[in-house]
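Enquirer: Here's my sequence, what's the structure:
(4 chains)
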Number of protein chains: 2
Amino acid sequence: MKYIPTKIRNRPYTDALRRLKEGKLRPTKQRLALSKLLFEGEDRHLTAESLYEEACSFGIKVSLATVYNTLNQFTEAGLLREVVVAPGRSYFDTNTHHHHHFYCKEDDNLKDISEDQISLTILPDPPADMLIDRVSVVVHLKRNHKSDDDNNY
Amino acid sequence: MKYIPTKIRNRPYTDALRRLKEGKLRPTKQRLALSKLLFEGEDRHLTAESLYEEACSFGIKVSLATVYNTLNQFTEAGLLREVVVAPGRSYFDTNTHHHHHFYCKEDDNLKDISEDQISLTILPDPPADMLIDRVSVVVHLKRNHKSDDDNNY
DNA sequence: CAATAGAATAGAATGATTCTAATATATATT
DNA sequence: AATATATATTAGAATCATTCTATTCTATTG
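Expert: You can find the predicted model right below:
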């Protein structure tokens, strides 16, 4: 079982509530519960489906549609960031700081790369009347099947 | 109407055929026709649906499933590159050279950035037993609604 | 030119996500 | 505190992109 510091255990909804207020979202039972799952503990990468299952397993009464709504609203409000790595694989990232990702398709695994570990210079100006919103760097990985290759020679 | 050089007009399938051979794919009627649409002329970004519609409008008898198959096979064979920019928006890019993209969600528009216009240094090593396959940089743009904002002040 | 391996096809199936219309709940108003 | 209202939640239907399936067709091989 995961260790949760006393401080957090004793005021279980203050942080979740603060975030909802931050996003001007009504603190409903479902949003509070999902917010708690999302933001309590370490940064996470999750899909709507995975959060839905997690919520169910904790006995939270919520529908998949509400999980989708909530994730989209949280993203809209800047509480989450959406990461698109492969077709039909959309993740929500609780780390909203500017950062990047390693992604391995084979094991469908995402890993953060902090901003200061990538240096990036973009020379071309954005097209007229456009501003740069954000820059997403995805470093696609493949397994190093060293032995397989070696055995062919 | 688009100008097509005489050279290409006169030998319409030589290039398409060459590419199919390159990918060890049988030169069927559909593949040849799609290859022609894809690679004749400038570099393009397209979806399965858009290529399907284009083919239909040219009177090419092909099914959507075959367009999907063909795009996937071409990508597999290295004749195309898949670009993922937003959930449920997967593009195929006829430019297979290493390069990056501007993407504007509002008008769902992709624009190339050539490799030499972005300088990138990735400090962290990939996780153990992993190699870097490729690095995808997407510069997300938003419209600069300058006048709208100004009018509020 | 017949045999066969591979490809194309229509339509069904899937999977992720969004929509709909009914019901329930949170906040504002009295 | 009771009521009004605006907003959320819900189950299930609908949608969209994509893949699968089983059949028919076609390019290559002998």
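
Enquirer: okay, and the helix or strand of chain A with the least pLDDT?
Expert: The helix or strand of chain A with the poorest confidence is helix A:6-10; it has a mean of 47 (mean pLDDT, DSSP states H and E).

Enquirer: How about whichever helix or strand comes after that one and DNA strand D, any contact?
Expert: As assigned by DSSP states H and E, the chain's next helix or strand after helix A:6-10 is helix A:14-22. No. Judged by CB under 7 Å from any atom of the strand, helix A:14-22 stays clear of DNA strand D, getting no closer than 9.5 Å. Glycine gets a C-beta too; all of them are placed from N, C-alpha and C.

Enquirer: I'd like to know which elements helix A:14-22 is packed against.
Expert: For helix A:14-22, the elements it packs on are helix A:29-39, judged by 3 or more CB pairs under 8 Å, 6 or more residues apart in numbering or on different chains; DSSP states H and E.

Enquirer: Tell me the helices and strands packed up against the following helix or strand past the helix it packs on.
Expert: Going down the chain from helix A:29-39, the next helix or strand is strand A:45-46, by DSSP H and E. Other helices and strands packing on strand A:45-46, by 3+ CB pairs under 8 Å, 6+ apart, are strand A:89-93.

Enquirer: Neighbouring strands of the strand it packs on in the sheet, and parallel or not?
Expert: The sheet places strand A:89-93 alongside strand A:45-46 (antiparallel), strand A:81-86 (antiparallel), with pairing taken from DSSP bridges.

Enquirer: and the first one, average pLDDT?
Expert: Translated: strand A:45-46. In this model, strand A:45-46 has a mean pLDDT of 94.

Enquirer: next helix or strand past it?
Expert: Downstream of strand A:45-46 (by DSSP H and E), the next one is helix A:48-57.

Enquirer: Could you confirm whether that following helix reaches DNA strand C?
Expert: Yes. Residues of helix A:48-57 contacting DNA strand C under CB under 7 Å from any atom of the strand: A:A48, A:E49.

Enquirer: Next, the angle from the helix or strand that comes right after that helix to helix A:29-39.
Expert: Following helix A:48-57 in sequence order, the next helix or strand is helix A:64-76 (DSSP H and E). Taking axes from the mean of the first three to the mean of the last three CA atoms, to 10 degrees, one finds helix A:64-76 and helix A:29-39 inclined to each other by 60 degrees.

Enquirer: Touching helix A:64-76 from outside, list them.
Expert: By CB atoms under 8 Å, 6 or more residues apart in numbering or on different chains, the surrounding residues in contact with helix A:64-76 are A:23, A:25, A:30-31, A:34-35, A:38, A:48-49, A:51-52, A:55, A:80-82, A:92.

Enquirer: buried set for that helix?
Expert: Of all the residues in helix A:64-76, those buried under the rule 16 or more other CB atoms under 10 Å in any protein chain shown are A:T66, A:V67, A:T70, A:L71, A:Q73, A:F74, A:T75.

Enquirer: and if you look at stretch A:82-102?
Expert: Neighbour-count burial for stretch A:82-102 [16+ other CB under 10 Å]: A:V83, A:V84, A:V85, A:S90, A:Y91, A:F92, A:D93, A:T94, A:H99, A:H100, A:H101, A:F102.
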